[in-house]
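Chemist: Mind looking at a prediction? Sequence and model below.
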Protein chains: 2
Amino acid sequence: MAKIYLFPVPMGDTPVNHVLPQLNIELVAGVKHFVVENIRSARRFLKACDRSIDIDSLSFVELNEHTPAEAVDAMLVPALEGHDIGVISEAGCPAVADPGADLVAVAQRKGIEVVPLVGPSSIIMSLMASGFNGQSFAFCGYLPIDDARRTQALKEMERRIRRERQTQIFIETPYRNRRLIDDLCRRLPGDMLLCVASDISGPRQSIVTRRLSEWKKASCDYDKIPTIFLLYS
Amino acid sequence: MAKIYLFPVPMGDTPVNHVLPQLNIELVAGVKHFVVENIRSARRFLKACDRSIDIDSLSFVELNEHTPAEAVDAMLVPALEGHDIGVISEAGCPAVADPGADLVAVAQRKGIEVVPLVGPSSIIMSLMASGFNGQSFAFCGYLPIDDARRTQALKEMERRIRRERQTQIFIETPYRNRRLIDDLCRRLPGDMLLCVASDISGPRQSIVTRRLSEWKKASCDYDKIPTIFLLYS
């Protein structure tokens, strides 16, 4: 029975063997049909895994925010015909926060086996290095931009940290990182802990936990660096 | 400046190169001071990484549920003296849901660099393969055992799934897996989706998403197999 393999991809320019197990590289070399977020970067990833892969003999279908929902079913045809399918996203773990999840949902409905492989996850890696509670945590994606809704979202996060001891994790568009830190310092109590984790697994990796009262005074430059934020107390 | 490396460990008997990148194996071979959840399994892990490691030349300190909180500070002394420290837990990613997090919290307070490495996370891998929302999800640990509190916890999960589209993830003691599935079928609406992910990265791996109305009729055997549960609609 054919399988859907979910292949994580290094974040940034990190070498493949720094963040992916050997098993992934062996498996990816055996797959002929790929569903990818972006064909160019998927080809680059495959070449980085194994230079001997004959890229031109492979089939690629793009699945991204431009793909109509009704096109997803047809992408699974190779699996129904007995061929494994590999899913490759732009960076990190596929099918977590990208359209690959739609494909997996359809595969599950059709009873096709889905095999997740190990790779870099900024959510788990930042949580490990934060020192915060990992028995209970939530990833919330982006904070709302609208002022009133953002205030409400932060109030709810504060409540879940205090009452449920639940670590709150979220992201921001890289060029707004410093603005977000200032915003958190202004809107939340100074004794709350903020972990700022940037360029995870990359050459400029920095994962720092401090009280908001300390972040307020700290000089730091996260401009344009992919960064993830964790709150706890 | 010395660093604290967080080394993930395979879950079950999975070979090291199936779930850990080469970088981890190179780094672990250079570390002389370890803080571990269990010395015997840490030694076994190190031997599996690299048979040439001279285990008897290494220092090990145990950090687990029996360790008094005031003993944690002293474990960081090697780092303050310039020696890297490796943290190794029983299985999966250290410092997420184990006492390693206390050590990391102290290291962060002292300004020691903490380096998380890539490895298997049942939370992220099950989420990838579930087809559920990965833009918003919560890991809640164990459900309450007390009947009234369990009802309340499930009501709150249902609310967060419906209102926030937040995937809810939790675990159970392996011998109670089937009982938990029956319990979810009884207490929650039949149209809700449950993903049951067991033996992740192991030889009996099974990750299946179905409606609760289907789980009710399904025969399945997850007895004594480490399993993680995800709810969504």
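Modeler: Now that the structure is in, tell me what you want to look at. Residues are numbered from 1 along each chain as shown, chains lettered A, B, ... in the order given.
Chemist: Every contact and neighbour count from this point should use C-alpha atoms.
Modeler: Will do.
Chemist: for the host helix or strand of residue A:5, which positions count as buried?
Modeler: Residue A:5 is located in strand A:3-7, with elements delineated by DSSP states H and E. Residues of strand A:3-7 classed as buried: A:3-7 (neighbour count, 16 or more other Cα atoms under 10 Å in any protein chain shown).
Chemist: The residues you listed also near chain B: which ones?
Modeler: residue A:6 (Cα under 8 Å from any Cα of the partner chain).
Chemist: Could you measure from residue A:30 over to residue A:175?
Modeler: As for residue A:30, its distance to residue A:175 is 39 Å (criterion: Cα to Cα, to the nearest Å).
Chemist: helices or strands up against the strand holding residue A:5?
Modeler: With contacts defined as 3 or more Cα pairs under 8 Å, 6 or more residues apart in numbering or on different chains; DSSP states H and E, strand A:3-7 has these neighbours: strand A:85-88, strand A:113-116.
Chemist: quick one, which of those is nearest to chain B?
Modeler: strand A:113-116 (5.5 Å; Cα to the nearest Cα).
Chemist: Give me the contact list for the closest one.
Modeler: The list of residues contacting strand A:113-116 from outside it, by Cα atoms under 8 Å, 6 or more residues apart in numbering or on different chains, reads A:1-7, A:104, A:107-108, B:125-126, B:128-129, B:207.
Chemist: Of the helices and strands packed on strand A:3-7, flag the one that's most buried.
Modeler: Each of these was given a mean neighbour count from mean count of other Cα atoms under 10 Å in any protein chain shown, and the largest, a mean of 26, is that of strand A:85-88.
Chemist: Can you list the strands that that strand pairs with?
Modeler: Under the criterion DSSP bridges, strand A:85-88 sits next to strand A:3-7 (parallel), strand A:33-36 (parallel) in its sheet.
Chemist: buried stuff in stretch A:56-73?
Modeler: Taking 16+ other Cα under 10 Å as the basis for neighbour counts, the residues of stretch A:56-73 that come out buried are A:60, A:62-63, A:72.
Chemist: Run through the residues that contact the closest residue to residue A:95 other than its chain neighbours.
Modeler: Nearest-residue entry for residue A:95: residue A:101, 4.1 Å, with adjacent residues in sequence omitted and distances by Cα to Cα, 6 or more residues apart in numbering or on different chains. Residue A:101 is in contact with A:94-95, B:128-134, counting by Cα under 8 Å, 6+ apart.
Chemist: With mean pLDDT as extra columns, can I get the strands paired with strand A:85-88 in TSV?
Modeler: TSV is the format used below for those (pLDDT from 0 to 100):
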stretch	mean pLDDT
strand A:3-7	98
strand A:33-36	97
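Chemist: can you give me the strands in chain A?
Modeler: Listed from the start of the chain, chain A has strands (DSSP state E) covering A:3-7, A:33-36, A:59-62, A:85-88, A:113-116, A:137-142, A:167-171, A:193-198, A:206-211, A:227-232.
Chemist: quick one: contacts of the first one?
Modeler: Outside of strand A:3-7, the residues within contact range by Cα under 8 Å, 6+ apart are A:24, A:28, A:79, A:83-89, A:93-95, A:107, A:112-119, B:128-129.
Chemist: can you list the domains in chain A?
Modeler: By the assignment in automatic domain parsing, chain A contains the domains A:3-116, A:122-232.
Chemist: Switch those over to TSV, and while doing so, append distance to residue B:167 to every line.
Modeler: Putting the domains of chain A into TSV (distance: least, Cα to Cα, whole Å) gives the following:
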stretch	distance to residue B:167
domain A:3-116	11
domain A:122-232	9
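Chemist: what's the closest of those to residue B:219?
Modeler: Each of the domains of chain A was scored for nearness to residue B:219 using Cα to Cα, and the closest is domain A:3-116 (15.3 Å).
Chemist: Endpoints of that closest one, how far apart?
Modeler: 10 Å.
Chemist: who's the residue nearest the centre of chain A bridged to?
Modeler: Nearest to the centroid of the C-alpha atoms of chain A, with distances taken as Cα atoms, centre = their mean, sits residue A:92, at 4.9 Å. As for beta bridges, residue A:92 partners with residue A:9 under DSSP bridges.
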